[in-house]
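K.L.:
Generate coordinates for the sequence data below:
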Amino acid sequence: MSKKIIAVSSVTYAMKGAELLSKNKIKRRVSKLSPSKTKKGCAYGIFVGVDDIEDAVRILKLGGINYSEITDG
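P.N.:
Numbering: from 1, shown residues only. Prediction:
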C-alpha cells in the first residue's frame with residue numbers, strides 16, 4: 001500500500017494527530033524523520049495510506065494539528 005507522510009514539528013503534535021486519526025478509524029504510524037526528508041526539517045511524521053490522506057488532513061485541521069507538508073512515504 002502506498003503511503004504519504006504528514007510532517008509535523010514535534011512528537012507532541014505527532015502523537016495528538018495519531019490519536020485523532022485513530023478515533024476516526026484511520027490507520028496511521030508515527031515515526032521520527034530524517035531532517036533532510038522535509039523542506040523545513042520537521043522531525044516527526046504521521047504515515048497514512050494514500051487513500052486516507054484527504055480525510056486525515058481534514059481531521060487534523062479540525063483538531064488544530066498543524067503540519068508543514070505532505071510528502072511521499
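
K.L.:
Ile65 reaches Gly17, doesn't it?
P.N.:
Yes - look at Ile65 against Gly17 with Cβ atoms under 8 Å: they come within range, at 4.3 Å. Backbone N, C-alpha and C define where each C-beta goes, glycine included.

K.L.:
what is in contact with the two at once?
P.N.:
Residues touching both Ile65 and Gly17 by Cβ atoms under 8 Å, 6 or more residues apart in numbering: Val8.

K.L.:
Poorly predicted segments of the protein, please.
P.N.:
Scanning the chain for pLDDT under 70 picks out the ranges 1, 41-42.

K.L.:
where do the helices sit along the chain?
P.N.:
Assigned helices in the chain, in chain order: 11-23, 53-62 (criterion: DSSP state H).

K.L.:
Let me have those helices in a markdown table, adding mean neighbour count as columns.
P.N.:
What follows is those, written out as a markdown table (neighbours: other Cβ atoms under 10 Å):
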| stretch | mean neighbour count |
| --- | --- |
| helix 11-23 | 17 |
| helix 53-62 | 15 |
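
K.L.:
Export those to JSON lines and append columns for distance to Ser34.
P.N.:
Converted to JSON lines, these look like this (distance: least, Cβ to Cβ, whole Å):
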{"stretch": "helix 11-23", "distance to Ser34": "15"}
{"stretch": "helix 53-62", "distance to Ser34": "21"}
